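[1] Just need the structure, nothing else, for what follows:
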Amino acid sequence: MAPLTRERAVDFWRRVAAGVHAGERALLVAEDGGGICGTVQLVLDLPENQPHRADLAKMLVHRRARRHGVGEALMRAAEVAALDCGRTLLVLDTVTGGDAERLYARLGWTRVGEIPRFALFPRGGYCSTTYFYRDLSGR
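    This next block holds a predicted model:
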């Protein structure tokens, strides 16, 4: 949420790192000549009755790297990482009508539905979210 201070950003990434260290999540990172240009996370710490599933979260692609295949590469790598972790069902949510929604549909994810007023935009105001899933069991 705006304004994103350096302190809040560092705190966020420290929590992510702690989750990775604890085996609760996997973090995939894309780099280019300018440094880190994208990330995506697999949340693995789910209830005991869902050992086959992971949530895909916080796919972030830097503006300089958008429309260069970074998002697709991160998604493909996340699917491979999920299988490596024994997960065959992935679930994600994204802002309805955004670029990411089109990417997920193009990559074969199944759209489940939309929830209105699910979250807030960084500068305020509600946005809807769209849920998708990807069944990897046939791979």
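[2] spatially speaking, which residue is in the middle of this protein?
    Nearest to the mean C-alpha position of the chain, counting by C-alpha atoms, centre = their mean, stands A57 at 2.8 Å.
[3] Could you look up the SS state of that residue?
    Secondary structure for A57, judged by DSSP: H, G, I helix; E, B strand; the rest coil, is strand.
[4] Bridged to it, which residues?
    A57 has the following beta-bridge partners by DSSP bridges: Q41.
[5] I figured it hits V43, correct?
    Yes - look at A57 against V43 with C-beta atoms under 8 Å: they come within range, at 5.4 Å. For the C-beta atoms, the positions are set from N, CA and C on the backbone; glycine is no exception.
[6] what touches both of these two?
    Listed as contacting both A57 and V43 by C-beta atoms under 8 Å, 6 or more residues apart in numbering are R25.
[7] Could you pull out the buried residues of stretch 91-98?
    Judged by neighbour count (16 or more other C-beta atoms under 10 Å), stretch 91-98 contains these buried residues: V91, L92, D93, T94.
[8] Same question for stretch 6-26.
    Buried-residue list, stretch 6-26, by 16+ other C-beta under 10 Å: V16, G19, R25, A26.
[9] Among these, which lie within helices?
    V16, G19 (DSSP state H).
[10] Residue most distant from the centroid, the protein?
    In the chain, the residue that sits farthest from the middle, by C-alpha atoms, centre = their mean, is G33; the gap is 22.8 Å.
[11] and that one, what does it touch?
    G33 neighbours (C-beta under 8 Å, 6+ apart): none.
[12] For this structure, name the helix or strand with the lowest mean pLDDT.
    When each helix and strand of the chain is scored by mean pLDDT, DSSP states H and E, helix 99-106 comes last, with a mean of 94.
[13] First-to-last residue distance for stretch 20-34?
    With C-alpha to C-alpha, to the nearest Å applied, stretch 20-34 spans 24 Å between its terminal residues.
[14] Sorry, slip of the keys, the one I care about is stretch 50-65.
    End-to-end distance of stretch 50-65: 34 Å, with C-alpha to C-alpha as the criterion.
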